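> Generate coordinates for the sequence data below:
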Amino acid sequence: HLSIRRQRQMCIRDRLNRNDKVMHTLKKAKQPVMHEDLLQYLEKGNTFFKDREFDQAIAEYQKILDKHPEMQAVLFKIGDCYREKRDLDKAVEIYTKVAELAAAKEDNSVHAQALGNLGAISIQREDFDQANQYFQQAISLNPEDEILAYNVAEINFNNNNVDLAIKYYQMAAEVKPDWSLPHQKLGYSYLNKGDFAAARASFQKFLELEPEGEQAAIVQELLNSLPEA
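Okay, the predicted model is just below:
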């Protein structure tokens with residue numbers, strides 16, 4: 001039985017190494033209400049950003065901030081430009097400023113988003129301990145954001161902190177019950193702990209939510225390989 005378990009764990013690790021990456025997608029702040037004379041700058045900036053002309057995008061966004069420096073969503077966009085330019089120090093500076101402004105206004109949602117962006121940059125720098133700290137702070141401010149909870153789970157899973165990974169995958173699943181992915185990852189986490197009954201339950205829940213597709217086929221294959229309770 002030990003040999004079979006080792007073979008199964010090797011298979012699981014191989015699948016995870018190939019297919020599972022930390023999700024960087026974060027919820028964006030809501031767009032501010034703007035006067036028409038400012039909307040043209042926003043539209044131009046967005047077009048430049050889409051075309052990856054980041055310096056031009058920054059220039060357009062800055063025109064808005066020159067008149068309304070309190071517009072945090074525009075600061076986010078400037079931070080995104082620097083992040084895409086790989087000027088991570090400047091991006092950190094911008095996101096930190098957003099976090100400070102949001103904290104002063106007691107705007108927990110925007111504060112959490114800024115911390116989440118700082119966590120994503122820490123992931124880019126492969127500083128997973130720092131990323132974990134940012135994401136956990138963000139969750140404490142906005143526990144209803146399932147993406148943040150999922151990111152914390154992924155960081156812990158990839159650093160072999162399986163119990164913490166399970167905690168945050170469960171949190172993500174509770175916040176968004178119709179999201180299949182946390183249940184798949186819970187199944188992998190329980191497999192790594194050797195808890196086949198919990199893995200089976202998680203995989204079955206995943207298949208209820210996502211019965212078709214490539215990932216469903218992978219999960220069904222793993223489910224079929226699990227020993228009966």
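> where in the chain is pLDDT low?
For the chain, applying pLDDT under 70 flags the ranges 1-36, 229.
> one more time with 80, if that's ok
Flagging of the chain using pLDDT under 80 yields the residue ranges 1-37, 70, 228-229.
> Please verify my assumption that residue 82 contacts residue 91.
Yes. At 4.0 Å, residue 82 counts as touching residue 91 under the criterion of C-beta atoms under 8 Å. Yep, even glycine has a C-beta here, placed from its N, CA and C like the rest.
> Please export the C-alpha coordinates of stretch 150-166 as CSV.
Extracted in CSV, the C-alpha atoms of stretch 150-166 (Å, rounded to 0.1, in the frame of the first residue of the first chain):
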residue,chain,number,x,y,z
TYR,A,150,-7.8,31.7,-3.2
ASN,A,151,-4.4,33.4,-3.7
VAL,A,152,-3.5,32.9,-0.1
ALA,A,153,-4.4,29.2,-0.5
GLU,A,154,-2.3,28.8,-3.6
ILE,A,155,0.8,30.4,-1.9
ASN,A,156,0.5,28.1,1.0
PHE,A,157,-0.1,25.0,-1.1
ASN,A,158,3.0,25.8,-3.2
ASN,A,159,5.0,26.2,0.0
ASN,A,160,3.8,22.9,1.4
ASN,A,161,1.6,24.5,4.1
VAL,A,162,-1.3,22.2,3.2
ASP,A,163,-3.4,22.9,6.3
LEU,A,164,-3.4,26.6,5.7
ALA,A,165,-4.1,26.0,2.0
ILE,A,166,-7.2,24.0,2.9
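> if we look at it, which residues are touching it?
Identification of contacts with stretch 150-166 by C-beta atoms under 8 Å, 6 or more residues apart in numbering yields 20, 22-24, 26, 116, 119-120, 123, 128, 131-132, 135-136, 139, 167-169, 171-172, 181-182, 185-186, 188-190, 192-193.
> what do you get for stretch 117-126?
Under C-beta under 8 Å, 6+ apart, the answer for stretch 117-126 is 22, 24, 26, 76, 79, 83, 88, 91-92, 95-96, 99, 128, 130-135, 138, 151, 155.
> now it, how far from the chain's geometric center?
10 Å (C-alpha atoms, centre = their mean, to the nearest Å).
> Name the residues of it that are buried.
Using 16 or more other C-beta atoms under 10 Å as the test for burial, stretch 117-126 gives 117-123.
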